[in-house]
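S.K.: Give me the fold of what follows.
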Amino acid sequence: MLAALHRLLLPSAGPRRRIVACVFCALAAVLLALGAQAQGYAKEKRPELGLVFERAKTYEEIPIPPTEEHIVLSFAEKPPADPKIKRAIRPLLQFVLVEKAPPRKASSGGGAPAGPAEGGSAQPEEGEDNGSPIDSIERWVVKNPDWRGWTLGQPIEGKERAGYKVREYSLFKKTPGGATAWMLVYDNGKRSLSILGKCHEADLKEQAKIWRNMAESVDISEPEEKSAEKLKTFYARKGLKAVDFRIKVRMDLVRGWKAEDTENFIVIYDTPDKKLVDKICRDLETLRKEYVKLFPPSNPVETVSAVRVCKSKQEYHSYGGRENTAGYWNAADEELVLYDAVNVEQKGGQKADVDTFIALYHEAFHQYIYYSTGELPPHSWFDEGHGDYFSGAQIKDGKLKQIGVMPWRIDLIKETIALERDIDWEKILRFEQPAYYERDIVHICYAQGWSMVYFLRKSEVVAKRPEWAKILPTYFDTLKANYQAKTAGMDAEDRGARGKAGYEARNEALEAAFKDVDLAEITKAWEGFILGLPGREKD
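M.R.: Okay, the predicted model is just below:
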């Protein structure tokens, strides 16, 4: 185009040639600038949020947990095409919406507060205010655990736009680590929208330009109410349960994500591998039948379980998955999260298709047991042990062929027993979650918990000993019954009382299950059984 324009404007001879050439150069510069801008940003329209803005094409949207109250949009820089190129901190940009709530009435209730979270502190950190509602972005930063240790710089006031006051902040981290952040806030007194970016300080100059372009391009209007009529019509003929929940999940889908319904699940996915998704849907329902057979629920489970399949490890970690995990069950969000290891992991030149399903089968058990016991987790050896037990499931064409050894655990537990480093049954049976997850022994706990459950379900010696064969069903039945009895009529929000009831119910279940069991004798039988199993087949 520019070459053609050059030929058209540039005369073959004459005194005006230099002037025309200068005009051409200026026009070319304008066209190139406009072209660069068009290539760099794409218009985003979010009528449900009342937002229109320019999104940098180098950023992609990432999902937000269903229980997140204030982050309405989240974007992160796309991973580079060359895997060798890696930033110290992946640049992140989030849209945070805070609306002023009416004043709260003073509480007239009583009850002791719940204890501090595991690994947390009983005392608030400096600057933290746990008693006031989140009614401003400043308070959101103080109270959000992801921004703990950060402080806001002095605000820089900007020019008011459409009734919204504008202010800009830099954020500073108290402890070193290279992270830095920037924020632009639009506030009309009732509604506050903040565009908040975070990256490594070495990338700030480059990223701040992108963040500012996106933030200053925002047009804010009143959000449109989403209509669920089309989704209601969609579900009207399907005869599925929990339609309202399914509709909410679909309405909250991030663009590019899709959903598939089964009888008991809704699978949300970002992976392009539809065959993988179809197998996940089939396998979930197959294992659900096995879960129900072994662990009849206290009451019919009417809840539909959400399962999220991320397309990559990076997306999985962005969504909350920890390092060195392949999946997790988030009871707070009531969602199982994993990633597509089939298409992103390589082992010995072969796709690691086993990892996705090992994680799926394990975490799906946690999801089921959460509902079947009335939202009470069993002892960790029972809970994690059964998660790993089902990870050994071999399913083909929707049919459960058998449950074999857990490939991630077998070699470790054989070695642990051989070196006499296993944990005494008397101790591990009573471990609460913090002890089970102790950093120095968690790998042994997982392997031993799996092997104990596998032994109790698969050993012919156990089958011939009634007092051993009854251990698992007695534990589960006693746990359900006692927890229900203790919590009947109890306030669902009284976490302290419910936690105490759960602790008591777990230990009562343990006493009932092992009442007639000689632990020294069963430990010896377990050791012999596990040492006799074949190790993991090498790729």
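
S.K.: Do a quick rundown of the helices in the stretch 401-539 of the chain.
M.R.: 410-418, 425-428, 433-436, 442-458, 460-463, 466-469, 471-487, 495-513, 519-531 (DSSP state H, counting those that start in this stretch).

S.K.: and among those, the most buried is which?
M.R.: Most buried of those, by mean neighbour count (mean count of other CB atoms under 10 Å): helix 442-458, with a mean of 22. In short, each C-beta sits where N, CA and C put it, glycine included.

S.K.: That one packs against which elements?
M.R.: helix 380-391, helix 410-418, helix 425-428, helix 433-436, helix 471-487, helix 519-531 (3 or more CB pairs under 8 Å, 6 or more residues apart in numbering; DSSP states H and E).

S.K.: Kindly recompute the last result at 7 Å.
M.R.: Counting contacts by 3 or more CB pairs under 7 Å, 6 or more residues apart in numbering; DSSP states H and E, helix 442-458 packs against helix 380-391, helix 410-418, helix 471-487, helix 519-531.

S.K.: hang on, the earlier thing: could you export the helices of the stretch 401-539 of the chain as JSON lines, including mean pLDDT?
M.R.: Below are these laid out as JSON lines (pLDDT from 0 to 100):
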{"stretch": "helix 410-418", "mean pLDDT": "96"}
{"stretch": "helix 425-428", "mean pLDDT": "97"}
{"stretch": "helix 433-436", "mean pLDDT": "94"}
{"stretch": "helix 442-458", "mean pLDDT": "96"}
{"stretch": "helix 460-463", "mean pLDDT": "96"}
{"stretch": "helix 466-469", "mean pLDDT": "96"}
{"stretch": "helix 471-487", "mean pLDDT": "92"}
{"stretch": "helix 495-513", "mean pLDDT": "93"}
{"stretch": "helix 519-531", "mean pLDDT": "97"}
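
S.K.: Take the helices and strands packed on helix 442-458 and write them to TSV, including distance to residue 401.
M.R.: TSV is the format used below for the helices and strands packed on helix 442-458 (distance: least, CB to CB, whole Å):
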stretch	distance to residue 401
helix 380-391	13
helix 410-418	18
helix 471-487	22
helix 519-531	22
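
S.K.: Of all those helices, which one is nearest residue 505?
M.R.: Nearest of the helices and strands packed on helix 442-458 to residue 505, taken as CB to CB: helix 471-487 at 4.0 Å.

S.K.: Tell me how far residue 333 lies from residue 64.
M.R.: Plainly put, residue 333 is 10 Å away from residue 64 if you go by CB to CB, to the nearest Å.

S.K.: where does the stretch 151-300 of the chain have low pLDDT?
M.R.: 224-227, 255 (pLDDT under 70).

S.K.: Please enumerate the helices of it.
M.R.: Using DSSP H, counting those that start in this stretch, helices in the stretch 151-300 of the chain cover 204-216, 229-236, 243-251, 274-294.

S.K.: list the buried ones in the second one?
M.R.: Which is helix 229-236. By neighbour count on 16 or more other CB atoms under 10 Å, the buried set for helix 229-236 is 231, 235.

S.K.: With the first one instead?
M.R.: Of the residues in helix 204-216, those scored as buried under the neighbour-count criterion (16+ other CB under 10 Å) are 204, 207, 210, 211, 213, 214, 215.

S.K.: Return the list of helices and strands in contact with that helix.
M.R.: strand 51-56, strand 179-187, strand 191-200.

S.K.: In TSV, list the ones you listed along with mean neighbour count and distance to residue 76.
M.R.: Shown next, in TSV, are the helices and strands packed on helix 204-216 (neighbours: other CB atoms under 10 Å; distance: least, CB to CB, whole Å):
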stretch	mean neighbour count	distance to residue 76
strand 51-56	18	11
strand 179-187	21	14
strand 191-200	22	10
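
S.K.: Serialize those strands to CSV and add fields for distance to residue 324.
M.R.: CSV is the format used below for the helices and strands packed on helix 204-216 (distance: least, CB to CB, whole Å):
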stretch, distance to residue 324
strand 51-56, 31
strand 179-187, 22
strand 191-200, 23
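
S.K.: right, so of those, which gets closest to residue 269?
M.R.: Of the helices and strands packed on helix 204-216, nearest to residue 269 by CB to CB is strand 51-56, at 22.4 Å.

S.K.: Quick check: which of the helices and strands packed on helix 204-216 is nearest to residue 94?
M.R.: Judging the helices and strands packed on helix 204-216 by CB to CB, what sits closest to residue 94 is strand 191-200, at 5.0 Å.

S.K.: How far off centre is the closest one?
M.R.: Counting by CA atoms, centre = their mean, to the nearest Å, strand 191-200 is centred 21 Å from the centre of its parent chain.

S.K.: Quickly run through the sheet partners of it, with directions.
M.R.: Partners of strand 191-200 in the sheet, by DSSP bridges, are strand 92-99 (antiparallel), strand 179-187 (antiparallel).

S.K.: counting contacts, what elements does the helix or strand just after the first one pack onto?
M.R.: Per DSSP states H and E, the first helix or strand lying C-terminal to strand 92-99 is helix 137-143. Contact here means 3+ CB pairs under 7 Å, 6+ apart; on that basis helix 137-143 packs against strand 92-99, strand 150-152.

S.K.: Looking at the ones you listed, which is nearest to residue 447?
M.R.: That would be strand 92-99 among the helices and strands packed on helix 137-143, by CB to CB, at 35.7 Å.

S.K.: how much does the closest one deviate in direction from strand 51-56?
M.R.: For strand 92-99 against strand 51-56, the angle by axes from the mean of the first three to the mean of the last three CA atoms, to 10 degrees is 170 degrees.

S.K.: Need the contact partners of strand 92-99.
M.R.: 59, 70-76, 134-137, 140, 190-198, 211, 214 (CB atoms under 7 Å, 6 or more residues apart in numbering).

S.K.: What of stretch 274-286?
M.R.: 260, 262-265, 267, 269, 271, 307, 309, 340, 342, 357, 360, 364, 395, 398-400.

S.K.: Any chance of a PyMOL selection covering the buried ones in the residues you listed?
M.R.: Buried members of the contacts of stretch 274-286 can be picked out in PyMOL with the line below, counting by 16+ other CB under 10 Å:
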select buried, resi 260+262+264+265+267+269+271+307+309+340+342+357+360+364+395
